[in-house]
Every structure is written in structure tokens, then in C-alpha cells.
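Chemist: no FASTA, just this:
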């Protein structure tokens with residue numbers, strides 16, 4: 001009796017996955033997708049546009065076709081819908097800058113000894129957490145702003161409908177500042193206080209000036225766990241922050257945020273939120289591994305876990321809102 005063996009493709013595809021990210025970064029560096037979008041559709045034409053070898057471009061572009069990022073017909077390359085939307089610089093939704101952060105050695109190297117992190121249940125406290133004044137967060141601020149615009153718009157729309165027109169908004173771990181800046185653009189009377197490390201806030205201030213809201217965008221440098229936020233805020237933004245820490249630390253921090261708000265004030269949390277099964281959807285569910293490899297005790301929390309943290313900190317009416325990105329906006333308010 002013969003038994004049909006399953007395919008080993010998934011094993012080799014996973015083992016070779018590092019080639020996919022390397023190939024995509026090379027294509028971004030050489031502006032391959034932009035070149036094709038501009039009409040350079042052969043390896044020779046792309047090579048002339050990028051200043052690279054024709055052989056190199058032919059092999060790279062064929063690889064990108066295998067990965068579904070380009071199409072090929074009669075020796076000419078075309079963009080896919082995804083590469084046209086996100087990888088050509090001609091697109092307003094261009095995400096190529098994110099590769100500069102996501103593929104930094106300081107990020108990739110977290111996975112060099114994942115076995116040890118699994119055994120330990122995390123990394124030593126010197127990992128790349130947001131509690132560290134690490135230059136890597138300046139890179140994050142400069143590279144990741146385009147990826148954050150859809151949730152920034154959703155947050156601004158929510159506050160425009162729920163907060164006073166002259167709201168005072170606390171933007172915690174502001175990074176590039178685009179969450180608070182977008183609120184300021186959407187609400188001409190709103191004032192923003194952005195909290196982060198001083199070098200990171202320099203990037204946020206640049207973005208605020210570029211957006212024309214610098215007069216309503218103040219900064220508070222320092223460790224978000226230690227600096228005095230003050231009080232009387234109508235809203236607080238806690239974006240891509242809680243996943244770096246364990247639940248007791250998150251709850252303690254949320255109590256500090258709670259104290260900074262007016263009665264009835266809103267908190268807006270942005271996180272990768274997996275389903276209760278913790279294996280779906282793919283990107284939020286996989287994010288837990290990123291936290292295992294890069295933090296002492298961080299995780300991707302389910303909506304129920306975030307609700308418990310927020311309610312234990314004194315917040316009420318916790319609601320999750322799906323977004324057109326792999327993250328979830330979770331909102332709640334301080335009891336009157």
C-alpha cells in the first residue's frame with residue numbers, strides 16, 4: 001500500500017524566507033517598481049534607470065515575479081495591483097520607506113537566536129523596547145509614517161466626532177507624530193502634547209511644521225513611564241506601545257494615562273489585535289513572535305485582554321474598531 005507524501009514546499013519556502021525580504025529591499029533600493037511604473041518594462045531599461053547590471057535586474061525581477069510582486073509577459077515586466085499601490089514612488093500610498101526600519105540589523109538581529117528567546121520567554125531587559133532611548137526609534141519615526149496614515153485618519157475622525165473642538169490631546173510615544181498631527185489638521189482648535197524621547201520628537205516637530213500645525217503641537221521629552229503628563233486632557237493616544245510590555249505594566253501605565261484625562265475623556269489605543277484563537281488574522285497573530293524576539297515580556301493582546309487592562313485602569317465602554325490595516329483601534333472613556 002503506497003502512501004502519498006505531502007509536499008515539503010512549505011518547509012523550504014519558510015527556510016528561504018529571508019531571500020524574499022532581501023529581494024524586496026534590493027528592489028526598493030533600486031526603485032525597480034517605480035521604474036516599471038514609469039515605463040521601463042524590460043531588464044535592460046530598468047538597468048539603465050537604476051544604474052545596475054542588466055543580468056542582476058533580470059534575475060531580481062524574475063524572482064519578484066515568482067513572489068507575486070511583478071508580472072512578466074513576452075520578456076516585459078508589469079506591476080501587480082499591490083506593487084502599484086504600495087511599492088511605486090508614484091503612488092500616494094507608497095510604503096517603501098518601511099523597509100528601512102523593518103530590515104534594520106537592530107530589528108533583524110533579534111531573530112538570530114530565537115531559540116534562546118523561546119527558552120527564556122523573551123529577551124534580556126536591554127532589548128529594543130520603547131523604554132530605551134535607542135537611536136532605532138528615530139529610524140522608526142522617519143521610516144514608518146506612511147504606514148500609519150490610515151489609522152491616523154481613523155483616529156482623527158473618531159476624535160472629531162467625540163471630543164470638544166478645542167480638545168487637548170496627549171500623544172504618547174508619538175514617534176513620527178502623525179497621529180497627533182492628523183488630529184490637529186482635522187480639528188483646527190485642537191492642541192497636541194507629544195511625548196517621546198527628544199531625538200524622536202525632533203522628527204515629529206519636523207512633520208508638524210510640514211503640516212502647518214506647529215503652533216498647536218508641543219513636545220514633552222522623556223520616558224513615558226516617568227515624565228509628568230499633567231492633567232485635564234480631553235483625549236490620550238496610546239499607539240503601538242502596549243505590546244512592548246506585560247499586562248501588569250500595561251495596566252499600571254494606563255492608570256497613569258487615566259489620571260491625565262478629564263472625566264469623560266477618551267483614550268485611543270492602536271494595537272495588533274489577534275482573535276481569541278491567537279492564530280488569526282495572520283499579521284496580528286504573528287506579531288507576538290516579534291515581541292518574543294525583541295522584548296522581555298511584550299505580546300500581541302486580544303481585545304478581551306486589552307479590555308481587562310483598560311477596565312482595571314478605570315476606563316469604561318471599551319470598544320474595538322476594525323481598520324483598513326492589520327491593526328485595531330480600541331477606544332474607551334474615563335468614567336465621569
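Modeler: Yep, that arrived. In this text the structure is predicted, and so the values were computed from the model without any measurement.
Chemist: ok now the strand ranked longest in the chain, how far from the chain's centre?
Modeler: With DSSP state E setting the assignment, residue counts place strand 261-271 as the longest strand in the chain. Per CA atoms, centre = their mean, to the nearest Å, the displacement of strand 261-271 from the mean C-alpha position of its chain is 20 Å.
Chemist: repeat for stretch 308-315
Modeler: Stretch 308-315 has its C-alpha centroid displaced from the chain centroid by 24 Å (CA atoms, centre = their mean).
Chemist: In that stretch, which residues are buried?
Modeler: Within stretch 308-315, the residues that qualify as buried are 308, 309, 310, 313, 314, 315, counting by 16 or more other CB atoms under 10 Å. Bear in mind the C-beta positions are built from the backbone N, C-alpha and C, glycine included.
Chemist: farthest pair in those?
Modeler: The largest separation in those, counting by CB to CB, is between 308 and 314 at 12.4 Å.
Chemist: which element is residue 238 on?
Modeler: Secondary structure from DSSP states H and E places residue 238 in strand 233-239.
Chemist: helices and strands around that strand, which ones?
Modeler: If contacts are counted by 3 or more CB pairs under 8 Å, 6 or more residues apart in numbering; DSSP states H and E, strand 233-239 sits against helix 145-162, strand 168-172, helix 178-186, helix 247-260, strand 261-271.
Chemist: so what are the domain limits for the chain?
Modeler: The chain is divided into the following domains under automatic domain parsing: 9-93, 116-334.
Chemist: strands paired with the strand holding residue 238, and their directions?
Modeler: Here strand 233-239 has these sheet partners by DSSP bridges: strand 168-172 (parallel), strand 261-271 (parallel).
Chemist: Need the winner for burial among the ones you listed.
Modeler: Stretch with highest mean neighbour count among the strands paired with strand 233-239: strand 168-172 (a mean of 26; mean count of other CB atoms under 10 Å).
Chemist: just the strands in the stretch 1-150 of the chain please.
Modeler: Ranges of strands in the stretch 1-150 of the chain, per DSSP state E, counting those that start in this stretch, are 70-73, 76-79.
Chemist: Columns mean pLDDT, mean neighbour count and distance to residue 116 on top of these, output as a markdown table?
Modeler: Formatted as a markdown table, the strands of the stretch 1-150 of the chain follow (pLDDT from 0 to 100; neighbours: other CB atoms under 10 Å; distance: least, CB to CB, whole Å):
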| stretch | mean pLDDT | mean neighbour count | distance to residue 116 |
| --- | --- | --- | --- |
| strand 70-73 | 98 | 15 | 38 |
| strand 76-79 | 98 | 18 | 41 |
